[in-house]
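Colleague: Sequence plus the predicted model coming up.
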Amino acid sequence: MFIAAAALVPGASAASAWRAFRRDARRHRSPNAGWPEAAMAGALGLRLAGPRSYRGVVVDDHWMGNGRAEATAEDIDRALTLYRVASVGALAVLTAFGLLVASVGG
């Protein structure tokens with residue numbers, strides 16, 4: 001849903017979201033988190049995940065996306081907008097599906 005939302009959000013790129021999604025998602029340590037994280041990174045022109053430290057323990061993960069590694073306040077605003085648009089889109093799809101099922105079921 002982030003890829004579709006990126007087509008509607010100013011400053012986001014659906015094409016870059018698609019490329020990062022296809023290239024990077026499978027390399028994420030989580031079988032579920034990589035898909036939206038890679039799409040978000042690509043849409044925003046950022047690199048997310050990657051090597052980092054948690055309480056002194058280095059986690060050497062792959063990067064999602066190939067943009068800047070440092071997010072700005074504007075990037076966070078765009079990420080929140082992208083998240084909201086994707087959430088409304090998902091709700092619209094689920095509502096349409098529910099209405100379709102209800103109409104077929106009687």
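Modeller: Noted; the coordinates are in hand.
Colleague: Now do the SS call for the residue nearest the centre of the chain.
Modeller: For the chain, the residue sitting closest to the mean C-alpha position, by Cα atoms, centre = their mean, is residue 40 at 2.9 Å. The three-state assignment at residue 40 reads helix, by DSSP: H, G, I helix; E, B strand; the rest coil.
Colleague: quick one, what contacts it?
Modeller: Counting by Cβ atoms under 8 Å, 6 or more residues apart in numbering, residue 40 touches 2, 17, 46, 48, 64, 79, 82. Quick note: C-beta positions are derived from backbone N, CA and C, even for glycine.
Colleague: And residue 69, by the same measure?
Modeller: Here residue 69 is in contact with 46, 47, 50, 63 (criterion: Cβ under 8 Å, 6+ apart).
Colleague: do residue 23 as well
Modeller: With Cβ under 8 Å, 6+ apart, residue 23 has these contacts: residue 38.
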